[in-house]
Structures are given as structure tokens and as C-alpha cells.
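[1] output the structure for:
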Amino acid sequence: MKLPNIELLRFITAGSVDDGKSTLIGRLLHDSKSIFEDQLSAIETTTRKRGLSGVDLSLLTDGLQAEREQGITIDVAYRYFATPKRKFIIADTPGHEQYTRNMVTGASTANLAIILIDARKGVLTQTRRHAYLASLVGIPHLVVAVNKMDLVDYSQEVFDSIVEEFGRFASNLGLSNIIPIPISALEGDMVVERGENMPWFRGETLLGVLENIEIDHDINLEDFRFPVQWVCRPQSEQWHDFRGYMGRIESGTISVGDEVTVLPSGRTSRVREIHTYDGNLLEAVAPQSVTLLLEDEVDISRGDMIVKSGNLPELSREGEAMLCWLSEEPLDMRRKYLVKHTTKTAKVLLNRLDFKVDVNTLETEEGISSLSMNDIAKIGFKVQSPLAADDYRKNHATGSFIVIDEATNNTVAAGMLMQG
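    All right, here's what the predicted structure looks like:
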């Protein structure tokens, strides 16, 4: 059955080892009737091989053989499911500190993060680390799921104490939209069904929050940013005058007749037509993929950016950013790197390391000369050609970039631009 065109929510789960992330996702899939019979049968068989009774729902996400052998999550496991209200993409991210890069990767496109806390252990160092990473990548909504409530007799006092402690810490990170929920992933309480063990909690179930939380305002609709991916010039007599600029609207809206500026050249024109595969539009909005036709012939190529005149991003050859080092090879400031920002690729010099953040204590270490895998640091850089960029907190698409090793073509880092 083909699903209707309903909204998509991307979310991640994060927490300490054995907090129950994989079991929670298994519970969501199981109780929302999103598991095929052959999957359930295979999980039951594996559970019996482990000498356990019932069904180990964590096996739905722990797909790697090493994970299954150790009972932990190493890689980012993506799962998909849907309800009549919404479609979902889940990223089950690792709990270990050495997999910080995996969490940053999984969180980079998420609308919401679920941070699990073991009700018996309370707020741990790992909890603070994951909250910091969620704030770093700008996830707008945070669910604090206090799990294993069945092991503390479903105590409201335990839940309230944990929520209060987490709130004090989160206030220092600028996290605002925090939704606490007491759950038992193992027993199913407050995940999809309410259960009968926590009548004192009046809020929505976890699935209820996922289905109903508003994410429309997560997209920046004020600043029109259109990185050009392709210049379309059909080779036929019928279309010999056609010059279209193809790409995805990363933020904002655009209408026929709007005055636009092309960066980095600064040339201006007006939008003559907006084409999509469904036909022509009078107006388009992020994140639609469109082809723009302008009234004037302007020299535009891949990597240029079309924006509304009077609302321009910062155009600069140098800047500052928070950088997460992803590579097993450490940063070598003498090495040649490339930066890929939207559709533009340019040579970059990482010329300054201001400090490194300890993701466990949030303390900073200055005087560093290199970065190792999973390190997060504030850096300064210079690029060969100017980037049309926004602050990451204002616009994720035009405020983020990746760093590529020119020699190997490997992606070695991900960055978030800081302006002002």
C-alpha cells in the first residue's frame, strides 16, 4: 500500500551503554506493528540461542555481527517506520565516547533527539556528552526518556529528581524545548501504549510526542538560499534559449518576479520562471528541488548561490567553526585539504586551533597542535575562493561544511560555522 504524502520526522536515540536504546526502538517498531513476521521469527530464534526467554527487541537495530556478539551498538543503525500520522527515520547512535563521530553524523539531519537515562543511574557523564552534542549540531527538540522505570517501582520521585538535575545542566547549553517522559522500553510503558503503572504522569506517550510535535518551523523560511547544482542547457533547437539553474532550495521562499543576487559575482536579476517535474510554479519553498530561470543572462556555474537581493549571507574567504574530526588519521595542518560547502568545493587552509572541547566535562583545552578522531575543537580557516555562508545556528545548510583530504578524497571532518 502506498503511503500518502505525510510529514517525515528524523530522530536519533542516544544514551549510555545499556540504557536500552536498541530495545526502545525495537519496542517502537513492535508495538506500532512495523515488524514483518519473518523478522520477528528471526529475532525469536536469536533470542533463544542466547539462552533468553521472550523476544530481545534490541536485535531489530543491532545489525552488525560485532554488535550482536557484544550486545552493544557500534555503528549508526537506521530504521524506517510509519504511522497514519507521520513517517519516521530513526538513527540509533552509539553510546561510547570513541563513537562520538557516529553520533554527530546521525544527528546532523535530525529534527529531534531522544536521550535515554537509566532511572537507576540518573544523569551520567555520557548523558551530558550526548546533550552537548545535540546542542552542538542544533537539534531543535529534545526528549529526555527516563528508561527502566520498572526497576525503580515506577517512582515519580526518582523521575522528578532526574528531570530536575538534567534541566540544570541543559540550561547551560541553551537547550529550550525539552520534553521529559518516564518509560519502560522492556515492558512497553509510555512508549506506544500508556500502560497502567504510571498514572501520575499526564503527558503524552513517546510515540504521541513523535507523531504530534511541530517541525514545520524547524526550516528557515526567511533567508532564501539556493546553491546551484547544475546549469541546464538542453542541446536541441526547441530549447536552444533555455538556461535553467537546478538545485534544492535550502531555506526560504522564492516567487516569480523576485529580485535575486548571484554570489560570489554580485550580479542581480529577477526570477522569470520556476520549473519542477510537476510543472511550473509561481512560488517555491524549502526544501523543494526546482529549476530557476532568470530574466537576464548571468554567468552562473555549479557552486554559485542565488539569494534574494537585500538578504545576503556573509561572503568571506576566512572564518571560524566548531569542527568534529572524523578521520583515523590526525589533523596535519601542513596537509592539503578541501572544503565542501553546499555545492561548492574549494581549497582550504586550517590555520588556527583555538581550543579542544572535552565532551565529557565540557572543559576546554588550549594550546593544541593537532586533532585526533572524535575530537571537537574551535578552529580558524582560510579558503581559496569566498564562501557564501550563514551562522550554523541560523541556517544549518549554509552554515555547515565537510573537510576532504585532497590526497585520498576521504571526508575527514565536519564543521559548523560561527559568525559574530
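[2] bridged to residue 262, which residues?
    For residue 262, the beta-bridge assignment (DSSP bridges) gives partners residue 306.
[3] for the stretch 201-350 of the chain, what spans make up the strands?
    Along the stretch 201-350 of the chain, the stretches classed as strands by DSSP state E, counting those that start in this stretch are 225-227, 230-232, 244-248, 253-255, 259-263, 268-276, 279-281, 283-285, 289-294, 305-308, 314-325, 337-341, 344-357.
[4] would JSON lines of those strands with mean neighbour count and distance to residue 26 be doable?
    C-beta coordinates here come from the backbone N, C-alpha and C atoms, glycine included. Shown next, in JSON lines, are these (neighbours: other Cβ atoms under 10 Å; distance: least, Cβ to Cβ, whole Å):
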{"stretch": "strand 225-227", "mean neighbour count": "26", "distance to residue 26": "39"}
{"stretch": "strand 230-232", "mean neighbour count": "14", "distance to residue 26": "42"}
{"stretch": "strand 244-248", "mean neighbour count": "19", "distance to residue 26": "34"}
{"stretch": "strand 253-255", "mean neighbour count": "18", "distance to residue 26": "40"}
{"stretch": "strand 259-263", "mean neighbour count": "20", "distance to residue 26": "47"}
{"stretch": "strand 268-276", "mean neighbour count": "16", "distance to residue 26": "39"}
{"stretch": "strand 279-281", "mean neighbour count": "12", "distance to residue 26": "42"}
{"stretch": "strand 283-285", "mean neighbour count": "17", "distance to residue 26": "36"}
{"stretch": "strand 289-294", "mean neighbour count": "19", "distance to residue 26": "35"}
{"stretch": "strand 305-308", "mean neighbour count": "23", "distance to residue 26": "43"}
{"stretch": "strand 314-325", "mean neighbour count": "19", "distance to residue 26": "29"}
{"stretch": "strand 337-341", "mean neighbour count": "20", "distance to residue 26": "36"}
{"stretch": "strand 344-357", "mean neighbour count": "17", "distance to residue 26": "33"}
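[5] make TSV out of those strands and add distance to residue 187 and mean pLDDT.
    Shown next, in TSV, are these (distance: least, Cβ to Cβ, whole Å; pLDDT from 0 to 100):
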stretch	distance to residue 187	mean pLDDT
strand 225-227	46	98
strand 230-232	52	92
strand 244-248	43	96
strand 253-255	46	97
strand 259-263	55	98
strand 268-276	48	96
strand 279-281	50	92
strand 283-285	43	96
strand 289-294	44	96
strand 305-308	51	98
strand 314-325	36	95
strand 337-341	46	97
strand 344-357	37	95
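[6] nearest to residue 211, of those strands?
    strand 283-285 (23.3 Å; Cβ to Cβ).
[7] which neighbouring elements make contact with that closest one?
    The contact analysis (3 or more Cβ pairs under 8 Å, 6 or more residues apart in numbering; DSSP states H and E) places strand 283-285 against strand 253-255, strand 268-276.
[8] three-state assignment of residue 168?
    In the three-state summary, residue 168 is assigned as helix, counting by DSSP: H, G, I helix; E, B strand; the rest coil.
[9] out of the helices and strands in this protein, which is least certain?
    helix 65-70 (a mean of 42; mean pLDDT, DSSP states H and E).
[10] how many neighbouring residues does residue 371 have?
    Other residues lying near residue 371 total 24 when counted by other Cβ atoms under 10 Å.
[11] hmm, back to that, which one of the strands of the stretch 201-350 of the chain lies nearest to residue 133?
    strand 314-325 (8.7 Å).
[12] so which elements touch that closest one?
    The criterion is 3+ Cβ pairs under 8 Å, 6+ apart, and the helices and strands that strand 314-325 contacts are helix 100-107, strand 376-389, strand 411-418.
[13] quick one: the first one to strand 376-389, angle?
    Same thing as helix 100-107. Interaxial angle of helix 100-107 relative to strand 376-389 (axes from the mean of the first three to the mean of the last three Cα atoms, to 10 degrees): 40 degrees.
[14] could you identify the helix or strand that succeeds helix 100-107?
    strand 112-118 (DSSP states H and E).
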